[in-house]
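Participant: Here's a sequence, model it:
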Amino acid sequence: MSDESGQWKRADLRERAEAKAAELAAEGVELHPVAASGRNLARNFWGREWMKSLGACEVYGMRLAPGRTYLRYGCVLDMKMSPGRIDALVMGEHLYEASAEAATPDEESLERLRAQCAGHIGSWIDLLKGNLSPELLRILCDPESGLFPRPEEWRFSCSCPDWADLCKHAAAALYAFGVMLDDQPELLFTLRGIDASVLIPDAPEPASGREDALDRDAGSLSDMFGIRLD
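Facilitator: Numbering: from 1, shown residues only. This is a model prediction of the structure:
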């Protein structure tokens, strides 16, 4: 019996994942695991909205629920991000390499978002924390024209034998990415290949006395977008 055929108990998933992680660590492999705890996988705005957006991917079949289980039981052993792409090592019956690629929005879509957001986003920090008007949030999270990839914009691959376009291991990677957005919301823009200046073309310099609040986010923003917040 195997967990791939649904016969392994959930506790076995964690045990197998921990054993494989220890084995890889002993071999000197540097891992960046993603874990989730609690009933809700995400706590903050962009993470929660990402989780909601994944419901549209159920057109690929019933793979989302097993993906959530894999994430909850520590099976996402490694995650890597690059523009337009998520790569993960997910432990199942074996260790599988799963990837998800998201197409970059076309110029027409970006221009429409730019026009709708013009003058309504006060700062990078407001955008990343979701401190925006309800109307603007609806625009950015719209399933057809917002920031999240539509189902047809995804391309999935995995080394597992599942024939489905979206397998449970790739689904686990998608949910793991949502967990990452909780602490690094700028990764959403990296995934979509969007420079956030598209939405905030004339971002103001931070006011005097706000350095402490901005310093918490400055490093990740500078790395991702090449912008200065000091």
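
Participant: what's near enough to touch residue 75?
Facilitator: 13, 14, 17, 90, 91, 92, 172 (C-beta atoms under 8 Å, 6 or more residues apart in numbering). The C-beta positions use only the backbone N, C-alpha and C, and glycine is treated the same way.

Participant: confidence score at the first one?
Facilitator: Among the per-residue scores, residue 13 holds a pLDDT of 89.

Participant: what does the fourth one give?
Facilitator: Among the per-residue scores, residue 90 holds a pLDDT of 97.

Participant: Name the nearest residue to it, sequence neighbours excluded.
Facilitator: With C-beta to C-beta, 6 or more residues apart in numbering as the criterion, residue 90 has its nearest non-adjacent residue at 4.0 Å, and that residue is residue 169.

Participant: State the distance from that neighbour to residue 31.
Facilitator: 16 Å (C-beta to C-beta, to the nearest Å).

Participant: Can you show me the helices along this structure?
Facilitator: 10-26, 45-53, 64-72, 107-117, 124-129, 134-140, 168-183, 187-192, 211-225 (DSSP state H).

Participant: Now do the longest one: which elements does it pack against?
Facilitator: Put plainly, it is helix 10-26. Judged by 3 or more C-beta pairs under 8 Å, 6 or more residues apart in numbering; DSSP states H and E, helix 10-26 is in contact with helix 64-72, strand 76-82, strand 85-91.

Participant: Buried deepest among those, which one?
Facilitator: Burial of these is given as mean neighbour count (mean count of other C-beta atoms under 10 Å); strand 85-91 ranks first at a mean of 23.

Participant: what residues does that strand touch?
Facilitator: 13, 16-17, 20-21, 31, 70, 75-81, 95-102, 169-170, 172-174, 176-177, 191.

Participant: Strand partners (parallel or antiparallel) of it?
Facilitator: Strand 85-91 has its sheet partners listed here by DSSP bridges as strand 76-82 (antiparallel), strand 95-102 (antiparallel).

Participant: still on that earlier bit, look up how far residue 160 lies from the residue nearest to residue 90.
Facilitator: 6 Å.

Participant: anything in contact with each of these two?
Facilitator: 92, 96, 98.

Participant: quick one: the second one from residue 68, how far?
Facilitator: According to C-beta to C-beta, residue 96 stands 17 Å off from residue 68.

Participant: do the same with the last one
Facilitator: As for residue 98, its distance to residue 68 is 14 Å (criterion: C-beta to C-beta).

Participant: The first one too?
Facilitator: Using C-beta to C-beta, residue 92 is found at 14 Å from residue 68.
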